[in-house]
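# coords please:
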Amino acid sequence: MEWFILAISGLFSGVVGALVGLGGGVILVPAVLFFGTTLALIPDITPQSVVGLSVVMMIFTGLSSTLSYMKTKTVDFKSGFIFFIGSIPGTILGAWVNRGLDLPSFNLYFGILLIILSTLLLVRDRLKPVKWFVENGKKRTFTDDKGTYIYGYPIWFALLLTFGVGFASGLFGIGGGSIIVPAMILLFLFPPHVAVATSMFMVFLSALVNSATHMSLGNIPWLYTIPVIPAAYIGAKIGASLNKKLNSNTLVFALRIVLLLLGVRSIIAALM
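I've put the predicted structure just below:
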């Protein structure tokens, strides 16, 4: 039963993560915690092991998505590497802080994060882009059949921002795309499809560091990776394919509500 639950959770996490550039951890972590700790359907699940499982999964969702997006040439590899460099120390620090969290503390902080992410997705379309970062940063261009886009960022700010993204990723096992994608679109003026593709490339690279760190801490439940990894890999391919065909606004709207409800449930579980 637990393998079936993990496979379905991994598949759904891969689809949603690749479709909107989230990485999938924001779906897998609360799902596995709910089935594992609240319903007791997955044995030996702890905040540390579910984060370890999530970061290993994100290696494969990130790789699958990146390979798919490479075919459409929407991955900005140079920016992705810069963002990855900034995330490395934050990822390692977050993983080390994670080992000191018990379940109530993890649920409380993770619930607060989910509500923040839900709010970010809610206001993302209503905020006006900030051109200052492009005008005072390193400019990039991207051209497709719809025209040429100019975007950019000060490297120092990008490194600072991705340090925070990496910390959240290491601490909670999320990909960081839910934070970095709105920032790339609103602050750095990335075209949305380039932001999603580049985010998944950064998720792949940072998940390698994240997994190595959590592996050294003994946080990865290797047996549970068997159903999750192939399901998430397939899901990520489906999500990347749907990204090219669908307007993801409906999914993003639903995701806002889901993250909000999950955040509230997580906080209530922490306080009970």
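
# didn't Phe84 look like it was pressed against Met200?
No - using C-beta atoms under 8 Å, Phe84 makes no contact with Met200, being 11.9 Å away. Where you see a C-beta, it was placed from the backbone N, CA and C, and this is true even at glycine.

# and the two? which has more neighbours close in?
Met200 (35 against 20; other C-beta atoms under 10 Å).

# Helix or strand: which one has that one?
Assigned by DSSP states H and E, Met200 belongs to helix 192-216.

# what element comes up after that helix heading to the C-terminus?
Next helix or strand after helix 192-216 toward the C-terminus (DSSP H and E): helix 222-245.

# what angle do that following helix and helix 192-216 make?
170 degrees (axes from the mean of the first three to the mean of the last three C-alpha atoms, to 10 degrees).

# Quick one: residues in contact with the next helix or strand after helix 222-245.
Note on helix 222-245: by DSSP H and E, the next helix or strand toward the C-terminus is helix 249-271. By C-beta atoms under 8 Å, 6 or more residues apart in numbering, the surrounding residues in contact with helix 249-271 are 16, 19-20, 22, 26, 30, 33-34, 38, 104-108, 110-115, 117-118, 121-122, 124-125.

# mind listing the strands in the stretch 1-150 of the chain by residue range?
Using DSSP state E, counting those that start in this stretch, the strands of the stretch 1-150 of the chain run over residues 138-144, 147-153.

# tell me the most buried of the ones you listed?
Of all the strands of the stretch 1-150 of the chain, strand 147-153 has the most neighbours on average by mean count of other C-beta atoms under 10 Å, namely a mean of 16.

# what angle do whichever helix or strand comes after that one and helix 192-216 make?
Downstream of strand 147-153, the first helix or strand assigned by DSSP H and E is helix 155-172. Between the axes of helix 155-172 and helix 192-216, defined by the same axes, to 10 degrees, the angle is 50 degrees.

# list the helices and strands helix 155-172 packs on?
Other elements packing on helix 155-172 under the criterion 3 or more C-beta pairs under 8 Å, 6 or more residues apart in numbering; DSSP states H and E are helix 25-33, helix 47-71, helix 77-98, helix 103-123, helix 177-186, helix 192-216.

# again, 10 Å this time
helix 25-33, helix 47-71, helix 77-98, helix 103-123, strand 147-153, helix 177-186, helix 192-216 (3 or more C-beta pairs under 10 Å, 6 or more residues apart in numbering; DSSP states H and E).

# got the contact list for Phe204?
Each residue near Phe204 by C-beta atoms under 10 Å, 6 or more residues apart in numbering is listed here: 23, 58-67, 80, 84, 175.

# The same query, at a cut-off of 8 Å, please.
Here Phe204 is in contact with 58-59, 62-63, 65-66 (C-beta under 8 Å, 6+ apart).

# Not counting residues beside it along the chain, what's closest to it?
Nearest residue to Phe204, sequence neighbours excluded (C-beta to C-beta, 6 or more residues apart in numbering): Gly62, at 2.8 Å.
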